[in-house]
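Trainee: 3D model of this:
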Amino acid sequence: MENGSARIRVPKTSELVADQIRAQIVRGDLKEGDSLPPEGTLMATLGISRPTLREAFRILEAENLISVVRGSRSGARVHQPSTDLVSRYAGYVLESQGTTIADLYTARLAIEPTVVRWLATAKGQTPGFARVKQILADFDEMLKTDRYLEFVDNVSHFHQTLVEATGNKTLSFMNRMLLNLGRHHQNDYQRRHPRNSEDKLKSLRAGFKSFEKLVALIEAGDVEGAVSHWRLHLRNANETWAARGEGERTVDSLHA
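Mentor: Next up is the predicted model:
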């Protein structure tokens with residue numbers, strides 16, 4: 001081997017086995033809740049030893065793609081890749097880089113108005129927009145039946161469903177990560193800055209009217225009106241969540 005050339009790393013057999021099983025899970029050949037064949041069957045089929053198979057299982061368990069019940073005869077149980085798990089790890093990266101709350105909400109402000117532009121251009125005629133309207137109807141019912149805590153718990157779901165209505169999986173994934181981190185900050189903020197019931201109710205009703213107006217503007221195809229309205233809505237929200245003394249805080253991924 002010439003001096004300075006990179007050494008080629010040969011994968012261990014256990015890594016190759018894990019690669020094969022992982023590919024089946026990611027492609028959907030193995031579904032959520034499926035059981036892998038018993039160890040003896042896999043060892044015979046793949047021509048490997050028990051220690052090699054168990055090392056492959058440990059790799060996949062660490063990735064949360066399988067769960068193994070020790071002593072079980074039914075084999076390892078399959079799990080589909082989890083958006084929440086990956087977004088949580090991405091949150092760890094953001095926190096380790098010192099990402100601030102202000103940075104987080106600026107990113108949301110870059111995503112959602114663009115999403116609203118797409119939806120309004122299509123006049124809400126996307127497969128996922130019906131779900132946005134259903135959540136709006138659910139909010140209306142929650143307010144009428146005094147289910148205020150449930151309303152608060154579902155606000156982030158409205159934002160996520162709005163993005164998912166575009167059908168863009170990449171943006172939906174990114175937005176879910178931002179919402180998870182933002183939800184923890186908002187809950188923490190409200191614990192530190194409690195409001196009386198009247199103020200909370202007034203805020204919820206104002207939020208509902210804003211959601212309602214957004215949906216109406218989207219369905220009317222008023223692109224610039226919808227974008228302008230939603231940008232203002234987000235900026236108003238950001239003035240609270242990322243205000244002076246809040247925006248400088250580092251995101252907390254460990255409790256998100």
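
Trainee: from here on, contacts and neighbour counts on C-alpha atoms
Mentor: OK.

Trainee: Show me the shaky parts of the protein.
Mentor: Within the chain, the segments meeting pLDDT under 70 span 1-6, 70-74, 256.

Trainee: Convert stretch 120-140 to PDB, retaining C-alpha atoms only.
Mentor: This file holds the C-alpha atoms of stretch 120-140, laid out as PDB (Å, rounded to 0.1, in the frame of the first residue of the first chain):
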ATOM      1  CA  ALA A 120     -53.500  29.500  -1.400                       C
ATOM      2  CA  THR A 121     -52.200  29.100  -5.000                       C
ATOM      3  CA  ALA A 122     -54.000  25.800  -5.100                       C
ATOM      4  CA  LYS A 123     -57.100  27.300  -3.300                       C
ATOM      5  CA  GLY A 124     -56.800  24.600  -0.700                       C
ATOM      6  CA  GLN A 125     -57.300  21.900  -3.200                       C
ATOM      7  CA  THR A 126     -54.600  19.500  -1.900                       C
ATOM      8  CA  PRO A 127     -55.300  16.100  -0.400                       C
ATOM      9  CA  GLY A 128     -54.200  17.100   3.100                       C
ATOM     10  CA  PHE A 129     -56.100  20.400   3.300                       C
ATOM     11  CA  ALA A 130     -59.300  18.700   4.400                       C
ATOM     12  CA  ARG A 131     -57.500  17.700   7.600                       C
ATOM     13  CA  VAL A 132     -56.700  21.300   8.300                       C
ATOM     14  CA  LYS A 133     -60.400  22.200   8.000                       C
ATOM     15  CA  GLN A 134     -61.200  19.300  10.300                       C
ATOM     16  CA  ILE A 135     -58.900  20.500  13.000                       C
ATOM     17  CA  LEU A 136     -60.400  24.000  12.700                       C
ATOM     18  CA  ALA A 137     -63.900  22.500  13.300                       C
ATOM     19  CA  ASP A 138     -62.500  20.500  16.300                       C
ATOM     20  CA  PHE A 139     -61.100  23.800  17.700                       C
ATOM     21  CA  ASP A 140     -64.500  25.400  17.400                       C
END
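
Trainee: Which parts of this structure are helices?
Mentor: 13-27, 39-46, 50-62, 83-96, 101-121, 129-144, 148-164, 169-192, 197-219, 223-241 (DSSP state H).

Trainee: any idea which residue sits dead centre in the protein?
Mentor: R176 (2.9 Å; C-alpha atoms, centre = their mean).

Trainee: ok, now how distant is that one from I25?
Mentor: According to C-alpha to C-alpha, to the nearest Å, R176 stands 22 Å off from I25.

Trainee: quick revisit: any idea which of the helices of the chain gets closest to E248?
Mentor: Of all those, helix 101-121 sits nearest to E248, with 6.3 Å by C-alpha to C-alpha.

Trainee: relative orientation of that closest one and helix 83-96 in degrees?
Mentor: 140 degrees (axes from the mean of the first three to the mean of the last three C-alpha atoms, to 10 degrees).
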